[in-house]
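Visitor: Pasting a predicted model and its sequence here:
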Amino acid sequence: MFTETEPILGGYSDYVLFGAGDPAASGFPFTLTSLGSLTITPLQPGAPYSGAPYYGVMFNMPVTGGDSGTILHQGTGLEITAPNGAILVQQDFRYDLQTNVIYGNVTTGAGANHLVYDGNMPLYTIAANGIATPTEQLLTYIYGLFGAPPPPPAQAGASGAVLPSVLKTWFSLLAAEPVTGKGFQHPFSVAEDPIIGGMTTLTLTGAASLQSLGITETPLGSASMYAEHKGPVVNFAITGGTVGEDGTVILNEGSGLELSKGTNSVDFRDFLFDTKNGQVDADVYANGALVVDQYGVPAIDAVFDIGHDMKLTLTGPAANELNKVFGTTAFADGTLIGTATTLPIELPAPLTALLNSHFS
């Protein structure tokens, strides 16, 4: 595990796709007959290769950035096609090493007409042995490929639930070999646009409303706070991320913001700014416990929506949690929290080229 201030510059993750009873395969597209003949193809630049020691097929996915708590795979993913022509695309994988959940952007539709988009959705929970189990949300989409209704909640990914065994073992994370700022764990290419540092500043323009409710704000971890006339200003160190063509992911691991009243508190930890989806994600803790659903998956992903001029407003799930913990109805979807400024520092292009020439 890396230190909090050590950004990931590049690397790769190995993945194996397989299903119980499926023959070994050497390339793509790969058909999982045990999943109703779903065809799976990696999105470039994810690279398949043969010789997998398991049933199925192995491929690697470039690491585009990250830090001590998150590994990013922006711009790559998997396309799953059903016999009826329906398509499910999983893209921009984000492996949260603290909660052992892989998140991603999901697009589904029929043929080339993609109809539904769901950003930063929890896709898989990772067990200690590296096996990934699809989440309830992803199973709903997978079942939808067959034109079947979603699985009953009691069956959808719960520990010990009765599910087709293939849905518990068809996607496996083998290894993540990130290239870090303090040492190269594997001679692999450095990503084109990794973020290596910087600062995120949040001005709590909604602090007066919080104070009227008796709620105080406290910085967590490495965050710092000082007073300004517009409201308290909180600084969060940028610990990594990726600058992409269609959006930027900025990580602020090891810091956060606590809202408290008496003995009750809600913590927003390890902020992730996602400009592609216009949201800020965080791990949410209520009175010291991570807020999870009935399957142990974090129940709240996006806590703020990013609006015009980087104004941050509460999402519905975050507002509901604040209302529950503090016994009020004052918070709602769209409640203004403050205004953010992000100043990420990218790895200079000449240094990227130099590192790649040395370690390739």
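Guide: Thanks, I have the structure now. Numbers count the residues shown, from 1 in each chain.

Visitor: Tell me the spacing between residue 134 and residue 61.
Guide: Distance of residue 134 to residue 61, computed by Cβ to Cβ, to the nearest Å: 17 Å. Heads up, the C-betas are built off the backbone N, CA and C, glycines and all.

Visitor: Between these two, which has more neighbouring residues?
Guide: Using other Cβ atoms under 10 Å, the more surrounded residue of residue 134 and residue 61 is residue 61, with 25 against 22.

Visitor: Tell me the bridge partners for the more buried one.
Guide: Per DSSP bridges, the residues bridged to residue 61 are residue 13.

Visitor: In this structure it contacts residue 76, no?
Guide: Yes. Using Cβ atoms under 8 Å as the test, residue 61 is close enough to residue 76 to be in contact (5.0 Å).

Visitor: can you pull out the strands in the stretch 251-360 of the chain?
Guide: 264-274, 279-286, 289-290, 302-306, 311-314, 336-346 (DSSP state E, counting those that start in this stretch).

Visitor: And for the stretch 101-250 of the chain?
Guide: 101-110, 113-126, 131-134, 171-180, 183-184, 195-203, 216-221, 224-226, 233-237, 240-244, 247-261.

Visitor: and the second one, average pLDDT?
Guide: Spelled out, that is strand 113-126. In this model, strand 113-126 has a mean pLDDT of 79.

Visitor: what's the angle from it to strand 279-286?
Guide: 40 degrees (axes from the mean of the first three to the mean of the last three Cα atoms, to 10 degrees).

Visitor: Please identify the pairing partners of strand 113-126 and their relative orientation?
Guide: Strand pairing (DSSP bridges) places strand 113-126 next to strand 101-110 (antiparallel), strand 131-134 (antiparallel).

Visitor: The longest one now?
Guide: Strand pairing for strand 247-261, determined by DSSP bridges: strand 216-221 (antiparallel), strand 240-244 (antiparallel), strand 264-274 (antiparallel).

Visitor: Worst mean pLDDT among those?
Guide: When those are compared on mean pLDDT, strand 240-244 scores lowest, with a mean of 89.

Visitor: out of the strands of the stretch 101-250 of the chain, nearest to residue 141?
Guide: With respect to residue 141, and counting by Cβ to Cβ, the nearest of the strands of the stretch 101-250 of the chain is strand 101-110 at 5.7 Å.

Visitor: Centre of the chain to that closest one, how far?
Guide: Chain-centre distance of strand 101-110: 11 Å, with Cα atoms, centre = their mean, to the nearest Å.

Visitor: Stretch 325-336 too?
Guide: Centroid separation between stretch 325-336 and its chain, computed with Cα atoms, centre = their mean, is 25 Å.

Visitor: next one: stretch 232-245
Guide: That offset, for stretch 232-245, works out to 15 Å (Cα atoms, centre = their mean).

Visitor: If you count neighbours, what's buried in that stretch?
Guide: Across stretch 232-245, burial judged by 16 or more other Cβ atoms under 10 Å covers 232-244.

Visitor: related to what we said a few turns ago, how about the strands of the stretch 251-360 of the chain in CSV, adding distance to residue 107 and mean neighbour count?
Guide: Below are the strands of the stretch 251-360 of the chain laid out as CSV (distance: least, Cβ to Cβ, whole Å; neighbours: other Cβ atoms under 10 Å):
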stretch, distance to residue 107, mean neighbour count
strand 264-274, 16, 22
strand 279-286, 16, 22
strand 289-290, 28, 12
strand 302-306, 17, 22
strand 311-314, 25, 20
strand 336-346, 26, 19
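
Visitor: For these, please prepare a markdown table with the additional fields distance to residue 203.
Guide: Output for the strands of the stretch 251-360 of the chain, formatted as a markdown table (distance: least, Cβ to Cβ, whole Å):
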| stretch | distance to residue 203 |
| --- | --- |
| strand 264-274 | 14 |
| strand 279-286 | 14 |
| strand 289-290 | 27 |
| strand 302-306 | 13 |
| strand 311-314 | 10 |
| strand 336-346 | 5 |
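
Visitor: Indicate which one of the ones you listed is closest to residue 212.
Guide: strand 336-346 (13.7 Å).

Visitor: Direction included, what does that closest one pair up with?
Guide: When DSSP bridges is applied, strand 336-346 pairs with strand 195-203 (antiparallel), strand 311-314 (antiparallel).

Visitor: Can you report the mean pLDDT over the residues of the shortest one?
Guide: Over the span of strand 311-314, the pLDDT mean works out to 97.

Visitor: distance between it and the chain's centre?
Guide: Remark: strand 311-314 is offset 19 Å from the chain centroid, using Cα atoms, centre = their mean.

Visitor: Under the pLDDT cut-off, which ranges of the stretch 151-300 of the chain? List them.
Guide: 151-192 (pLDDT under 70).

Visitor: quick one on the thing from earlier: need the winner for burial among the strands of the stretch 101-250 of the chain.
Guide: Ranked by mean neighbour count, the strands of the stretch 101-250 of the chain are led by strand 240-244 with a mean of 26 (mean count of other Cβ atoms under 10 Å).

Visitor: residues making contact with that strand?
Guide: The contact list for strand 240-244, computed with Cβ atoms under 8 Å, 6 or more residues apart in numbering, reads 7-8, 64-67, 70, 72, 74-75, 191, 193-196, 248-251, 253, 276, 344, 346.
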